[in-house]
Every structure is written in structure tokens, then in C-alpha cells.
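Undergrad: quick one, fold the following:
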Amino acid sequence: MTTVVPTSEEDPALAVVRFTADLAWADAGPEVAEPQVTRLCMEAQESMAMGRWLDLASLMLTSADLVFSKVSDKDLECIFTVICNLVSKLENPDEELEVAKLISTKITQQPNDKPAMRLRILFNLYNLLEGPDSRFFVYMQALNLALNGKITDHIIPSFKKIDSFLKEWNIGIKDQRNLFLTFANVLKENKSSGMDSFKFLTKYLATFSGEDPYIMSEAKEEAVRAVIEFVKAPDIFQCDLLDMPAVGQLEKDAKYALVYQLLKIFLTQRLDAYLEFQAANSTLMKSYGLVHEDCITKMRLMSLVDLGSNESGRIPYILINDTLRINDDEVELWVVKAITAKLIDCKMDQMNQVVIVSRCTERIFGQHQWQSLRSKLAAWRGNVASLISTIQANKVVEEGSQATQGVAIR
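TA: I've put the predicted structure just below:
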């Protein structure tokens, strides 16, 4: 197969135009093909001479679909490297964005045909761009390509750079929403990052605050999704969903009020409240794919956490027994489960049948929790200050004693 090998006599862009034109007209015969190839090359030369890089990019991309199906991967990368390099010739950010849109849109038209190759080309294009708007657009195209082409593993590692991305792109609220929601969808499709998917979904919902009801309603379905994902997740026991207006709108919604009630039970109540809710709404639970046994397990752990949050820090075995509705010989098993899940730090006093809690995870972290934390920090600060004063006083006494001994020796 012919390979693109630009020489010193011909610009790489013109070599690509000639190569793709030859492919496009190969079946027409030399009498028809040669004039067409010559015409396309002349158009390319004119665009280059006039600095019309958008026109040149459009011309080079005309046969892109044919290129993907007829050339080797090596030739493909070579061709699109030359095409993508056109953006380096642009100084105007608006022109750069237009060329970036043209190239990336063409690349993503058939996401199931060599998706990994297409994604590499988009990453190459992204790294050649200077403007934040252009970079953001191409990155979103890459995200959607990875999602539609079923190659999410290739792009998920870049999610770790989200903070630097946001700082670099300086995008508005609408674009942030689109980004966070796409991240959540990519991670959900990946099926191995439930906690990360939930994290970006809550970031998306958190962008809705103070909007009019019409705009807020855009987030309604995703708010329901977040509630259900939280209830289903076996390893997520804390969230701020109740503080979000996007979720709060569900409370008085005719269709989703029960979903909000379920969230409130998981975050503020105990097992008995859940069992009562489930008995009255078992059909609703099944419609959302919620498994009763899994919900009981999670609610037992969260109820145990709630018991551990009292001021005394002591939980009698009998109280755990009654609250979790378990047998006497299962109490310590559930305490160990809570410790394993890093929900509590505690010691079990088997002699006195009591659990002594030193730390427990808060299911929600609102005003009350902040005030409690402030009080604890103030107490710790006082204790540290007292300790420092004691050390300094002892140091003075010790230095005085040493001085006295020195005088006695003389």
C-alpha cells in the first residue's frame, strides 16, 4: 500500500491532499482521476498561499471517511498528524476553534470504527491547541467518542486532572454541568467506578442553586438517579444530597416525593423507618432496581453509625440488638462490619456488653456537625495550650534546679 512520505519539494499538507485525492479517484481511471487530483492540489496550494487554513482543513477532510477504511493505521496517524498541525499556523483563537471543531467533528462521526485510533488523534489535536475554548471543545468530543465507542478506559485516567482542567479552561456553569454529567456517564458505563460516578453526579447537581424552577427541573431526573445510586452503593454512607436545591425539589414533586423520602430515611433515620417505608412501597423499590436485602444491610450499618454519634460514645449491646433487629450473637459481627467499612473506631467491652466509640462517620455534615467540630477543635486547642504551659513551667523549674546545683558545686 502507498505510504505518505512528504519530501523536501512538497509541503506535507499538499502531500496529504494528493494522497487522499489519488485514493478517492482511484477507480475512475487516469483520464478522469488526474484532472481531479490536479484541481484539488491547486485548490490546496491557493488556500495555503492565501492563509485560508479553514478551507484547507475542509479540503483535506473531504475524503476522511475513505481514508479510515482504506489505509493502514500508520498512514492514518500520519495523515491526521499533518491535518491537526494546521492549528499551529493559526494565531486567532476564534479561527483555531473553528478548525478544531471541523477536525474533531469529522473524526467523531463514526465512533465505532477504530475508536482507539480516533481518540489518539483527538488527544494529539488537543495537545497542539493553545486556546482554552478550543481545548475544552476537543476534550468534550474525546469524552463522547470514548463513551460511544465503548473505550472509556482510555480516557478515565485524565479525570484526575479535573481541577487543573477547570482552572485552565475557565468555563461557565453550563459547560461545567455538561462536563460533570458526561464524566458521571462515562464512569457509569465503565461499571468499575461507582463511587467516582456518584461524586461527579453530585458535582453536577451542586451547580444548581438559585435558578428558576424551569432551569432547576433540568436536573430532576439526575437528582433521582443520584438518590438511587446512593441507596444502592454498598460503600457510600455519607453525602450532601439533602442540602442541594436540585434534590430538594423532589420533596414536593408528585412523581418523586417518595424517592426524596427514601433518601431522608437513609440519611437521618434508622432501620425501623426503612422497614416501614419498604412495606408500603415495595413496588416502587423494585421499579428502581433496589434489592430489599441489600438495603437492610446498608441501613443496619447506618443505624449503628447513628447510635455511635451520641455524646456518651457508649452503645449497649442490647440497644444494637433492638435497633438493628438482629440476634444477640450477631451484635459483635455487625460492629466488626462497621469497623471494616471505616464507619466507626471503637472497642468492644464484652464484660459489660457495651461498645465504646472513639470516632464515627457522620451521614450528613450540616450546620450541627460543623458546630460540633468547632467545639471539639476549641477543646483540643485548650488542651494543647494547657500542655504547652505545663511543659514550659516544668522547663523553668528544671533550669532553676540545674542552676542551684551548679552554685553548690562551686
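
Undergrad: skipping adjacent residues, who's closest to Arg18 in space?
TA: Counting by Cβ to Cβ, 6 or more residues apart in numbering, Cys41 is the residue found nearest to Arg18 once chain neighbours are left out, at 5.6 Å. Placement of C-beta: from N, CA and C, glycine included.

Undergrad: how close does that neighbour get to Ala146?
TA: For Cys41, the distance to Ala146 (Cβ to Cβ, to the nearest Å) stands at 35 Å.

Undergrad: quick one, which of those two is more surrounded?
TA: Ala146 (26 against 17; other Cβ atoms under 10 Å).

Undergrad: and the contacts of the helix or strand hosting that one?
TA: Applying DSSP states H and E as the criterion places Ala146 in helix 132-148. By Cβ atoms under 8 Å, 6 or more residues apart in numbering, the surrounding residues in contact with helix 132-148 are 87, 93, 96-97, 100-101, 104-105, 107-108, 111-112, 115, 118-119, 122-123, 125-126, 129, 151-152, 154-155, 165, 168-171, 175, 178-179, 182-183, 185-186, 189.

Undergrad: and those, which of them are buried?
TA: Neighbour counting over the contacts of helix 132-148 (16 or more other Cβ atoms under 10 Å) leaves 87, 96-97, 100, 104, 107-108, 111, 115, 118-119, 122-123, 125-126, 129, 151-152, 154-155, 165, 169, 171, 175, 179, 182-183, 185-186 as the buried ones.

Undergrad: just the element for the residue nearest the centre of the chain, please.
TA: In the chain, the C-alpha nearest the mean C-alpha coordinate belongs to Phe200, at 4.0 Å (Cα atoms, centre = their mean). For Phe200, the element it lies in under DSSP H and E is helix 194-206.

Undergrad: can I get the helix or strand following that helix as CSV, trimmed to CA atoms?
TA: On the C-terminal side of helix 194-206, the closest following helix or strand by DSSP H and E is helix 213-216. C-alpha atoms of helix 213-216 as CSV (Å, rounded to 0.1, in the frame of the first residue of the first chain):
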residue,chain,number,x,y,z
PRO,A,213,-37.9,26.3,38.7
TYR,A,214,-37.7,25.7,34.9
ILE,A,215,-33.9,25.5,34.9
MET,A,216,-33.9,23.5,38.1
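
Undergrad: quick one: residues contacting Ser282.
TA: Contact analysis of Ser282 by Cβ under 8 Å, 6+ apart lists His292.

Undergrad: what about it, distance to Leu290?
TA: Taken as Cβ to Cβ, the span from Ser282 to Leu290 is 10 Å.

Undergrad: ok, back up a step: what about the helix holding Phe200, average pLDDT?
TA: Mean per-residue pLDDT for helix 194-206: 93.

Undergrad: what packs against that helix?
TA: helix 173-190, helix 220-232, helix 245-248 (3 or more Cβ pairs under 8 Å, 6 or more residues apart in numbering; DSSP states H and E).

Undergrad: what's the first one in contact with?
TA: Residues lying outside helix 173-190 but in contact with it, judged by Cβ under 8 Å, 6+ apart, are 136, 140, 143-144, 146-147, 150, 152-153, 155-156, 159, 162, 166, 169, 171, 193-194, 196-198, 200-201, 203-204, 207-208, 222.

Undergrad: buried subset of those residues as a ChimeraX selection?
TA: In ChimeraX, this line selects whichever of the contacts of helix 173-190 come out buried by 16+ other Cβ under 10 Å:
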select :136,140,143,144,146,147,152,155,156,159,169,171,193,194,196,197,198,200,201,203,204,207,208,222
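
Undergrad: strands of the stretch 301-410 of the chain, start to end?
TA: 314-316, 344-349, 354-360 (DSSP state E, counting those that start in this stretch).

Undergrad: in JSON lines: those, plus distance to Asp240 and mean pLDDT.
TA: JSON lines is the format used below for the strands of the stretch 301-410 of the chain (distance: least, Cβ to Cβ, whole Å; pLDDT from 0 to 100):
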{"stretch": "strand 314-316", "distance to Asp240": "26", "mean pLDDT": "95"}
{"stretch": "strand 344-349", "distance to Asp240": "20", "mean pLDDT": "95"}
{"stretch": "strand 354-360", "distance to Asp240": "18", "mean pLDDT": "94"}
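
Undergrad: for the ones you listed, give me a markdown table that also has mean neighbour count and distance to Ile83.
TA: Output for the strands of the stretch 301-410 of the chain, formatted as a markdown table (neighbours: other Cβ atoms under 10 Å; distance: least, Cβ to Cβ, whole Å):
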| stretch | mean neighbour count | distance to Ile83 |
| --- | --- | --- |
| strand 314-316 | 18 | 67 |
| strand 344-349 | 16 | 58 |
| strand 354-360 | 17 | 58 |
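
Undergrad: so Lys70 touches Leu23, yeah?
TA: Yes: look at Lys70 against Leu23 with Cβ atoms under 8 Å: they come within range, at 5.8 Å.
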